[in-house]
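Engineer: show me how the following folds:
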Amino acid sequence: FSLFWKAVSDAEGLQEISGILPAIEAIPKLQLLNLLKGIVQNVADELDLAASRGVTMLYDAALNPVMKTILEMALVRFGRKVKIGGARACMSIEEAQKLPNQAESFDEYRDFYFGHIKLVSDGSNQGLTGFQKKPYCCEPAGNIGNFNFGDRGDHHPTKLPYMFRSLFQVISSKGYDLMVHANGSQAVEFTIQAYESISKKKQSQSQYGRNPHPHPHRHRIEHCSLLTQSQLDRIAALGLSPSFLIGHVGYWGHVFEQAILEDFASSRLDLCRSSLDRGVKITAHSDVCVSPVGPLRLVEQMVTRRMEADPEKRILNASECLTVDQAFRAVTCDAAWQCHADKWTGDLSVGKHADLIVLAKDPFTIKPEAYEYADTSTSTTPLRDVPVLMTICGGIVTFRSEMKNE
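Structural biologist: Alright, predicted model coming up:
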């Protein structure tokens, strides 16, 4: 226990992998074995929790063989509570070159299908490791974060690294769609530039009848936290699709605005409405356990953009608030499209799976001002707290509420 907390102290916190791993390595081996004994049950408990909050499908943003095996064991032992797909993590050119030469087909659902190849270009803005063009507005002075795919180990490149561009070219040439984690302003810029590089190559090949991508791509930028309007124009032109961690606004918006990003937060963080105005499909995600799982919470945060740590609960950039309908599309039909799942889920069209939830209250009747926290002096319930009465996945009830007088 003392070694654990020494590792925490030496790492100055546990927000990033470099700080987490020393602490994990300090945990006694016997304790780790005890944790592993219960891991399948713990995973099953998390899937039960997701179903209880109205989730019918989860898309894991970095599945690896070990994680897939654990999920398969949970499925065999406890049955399917939600559908599961994901992105295959890729850490190097060597890994990309070893990928099969043909991407999967998505005509029918298969447990643990891979819809994307995942690259993690930088860290997190709240962890001060998202790669920025300008330094963070807080200590340590001059910090711009880190980029994970710089040439020759350079974590602060000033132009698009050859390694990063090459990864895009290798992966896309094999027919895969990319999911690229990019939080900081410069990481987002490099990601757009890399997508532009494969788009130009694809156009050149198309002129000579050698287009390796006959199907429309569903490339995405994960988090895509800090954007400019001109970058959004380029994203629209490329047909890219951002997935916003909208909890950045709700949970970290106040500290971003007051200390970490200042004006950047109010003008560039999670530009949801500006994306839709350009015809760009967007989704929202929880990045669990960065923020709690639950589509109703995501919808509420997209609609209100309330900074929950702010004593006055102010709105961060009201011009980016969505309507209830727009927000629900981002966690249903557009989310299914982004995850290559739209042929069998995402809406209740004839022929698709019966994936649906029953709520205790119609979310479209809740007034936006009631989306804040519950007011004990009235009967107001915020959207995130509307009870889920039933979750049905593939026609099978995976959760049923025990509330009385349902």
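Engineer: how about residues contacting stretch 106-120?
Structural biologist: Here stretch 106-120 makes contact (C-beta atoms under 8 Å, 6 or more residues apart in numbering) with 59, 61-63, 68, 71-72, 75, 80, 83-90, 96, 99, 104, 148-149, 167, 171, 176-181, 218, 220, 222, 339-341, 343-345, 353. Backbone N, C-alpha and C define where each C-beta goes, glycine included.
Engineer: what about these, which are in helices?
Structural biologist: 68, 71-72, 75, 96, 167, 171 (DSSP state H).
Engineer: which two from these end up farthest apart in space?
Structural biologist: Maximum pairwise distance among those (C-beta to C-beta): 31.4 Å, between L75 and L167.
Engineer: between those two, who's got more neighbours?
Structural biologist: Legend: neighbour count by other C-beta atoms under 10 Å for L75 and L167, higher for L167 (25 against 18).
Engineer: right, and that one touches C90 too?
Structural biologist: Yes: using C-beta atoms under 8 Å, L167 makes contact with C90 at a distance of 7.3 Å.
Engineer: so for the two, which residues contact both of them?
Structural biologist: Residues touching both L167 and C90 by C-beta under 8 Å, 6+ apart: 96, 119.
Engineer: quickly find the element holding D325.
Structural biologist: helix 324-330 (DSSP states H and E).
Engineer: and that helix, what does it pack against?
Structural biologist: helix 272-277, strand 283-284, helix 295-304 (3 or more C-beta pairs under 8 Å, 6 or more residues apart in numbering; DSSP states H and E).
Engineer: can I get the CA coordinates of it in CSV?
Structural biologist: Only the C-alpha atoms of helix 324-330 are listed here, as CSV (Å, rounded to 0.1, in the frame of the first residue of the first chain):
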residue,chain,number,x,y,z
VAL,A,324,-33.3,17.1,-28.3
ASP,A,325,-33.9,15.4,-31.7
GLN,A,326,-30.4,16.2,-32.9
ALA,A,327,-28.9,14.8,-29.7
PHE,A,328,-30.8,11.6,-29.9
ARG,A,329,-29.8,11.0,-33.5
ALA,A,330,-26.1,11.3,-32.3
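Engineer: in that helix, which residues are buried?
Structural biologist: Going by neighbour count (16 or more other C-beta atoms under 10 Å), the buried part of helix 324-330 is 324, 326-330.
Engineer: where does this protein have its least confident helix or strand?
Structural biologist: Lowest mean confidence among the helices and strands of the chain (mean pLDDT, DSSP states H and E): helix 2-10, at a mean of 48.
Engineer: quick check: mean pLDDT of stretch 60-68?
Structural biologist: The average of the pLDDT scores along stretch 60-68 is 88.
Engineer: contacting residues for N143?
Structural biologist: Shown in contact with N143 (C-beta under 8 Å, 6+ apart): 128, 135-136.
Engineer: which element is it on?
Structural biologist: For N143, there is no enclosing helix or strand under DSSP H and E.
Engineer: leaving out sequence neighbours, find the closest residue to it.
Structural biologist: Leaving aside its sequence neighbours, N143 sits nearest to Y136 (C-beta to C-beta, 6 or more residues apart in numbering; 5.2 Å).
Engineer: may I have the phi/psi pair for the residue nearest to E72 when sequence neighbours are not counted?
Structural biologist: Closest residue to E72 apart from its sequence neighbours, by C-beta to C-beta, 6+ apart: F112 at 6.9 Å. In terms of degrees, to the nearest 10, the main-chain angles of F112 are phi 60, psi 40.
Engineer: ok, F112 to A26 distance?
Structural biologist: Computed as C-beta to C-beta, to the nearest Å, the F112 to A26 distance reads 32 Å.
Engineer: same check on L63?
Structural biologist: Between L63 and A26 the distance is 27 Å, computed by C-beta to C-beta.
Engineer: would you enumerate the residues in contact with F364?
Structural biologist: By C-beta under 8 Å, 6+ apart, the residues touching F364 are 324-325.
Engineer: report the secondary structure state of it.
Structural biologist: Assigned with DSSP: H, G, I helix; E, B strand; the rest coil, F364 falls in the helix class.
Engineer: let the chain start at 195 from now.
Structural biologist: Sounds good: first residue 195 from here, last item F558.
Engineer: R414 - how many residues pack around it?
Structural biologist: Neighbourhood size, R414 [other C-beta under 10 Å]: 24.
Engineer: the closest residue to G589 other than its chain neighbours: how many residues sit nearby?
Structural biologist: Excluding its sequence neighbours, the residue lying closest to G589 (C-beta to C-beta, 6+ apart) is A548, at 4.1 Å. Residues lying near A548 (other C-beta under 10 Å) number 12.
Engineer: which stretches of the stretch 245-394 of the chain form strands?
Structural biologist: For the stretch 245-394 of the chain, the strands defined by DSSP state E, counting those that start in this stretch cover 251-257, 277-283, 307-314, 372-376.
Engineer: now for the ones you listed, which one comes closest to K561?
Structural biologist: Closest approach to K561 among these (C-beta to C-beta): strand 251-257, 29.4 Å.
Engineer: no more questions from me, cheers.
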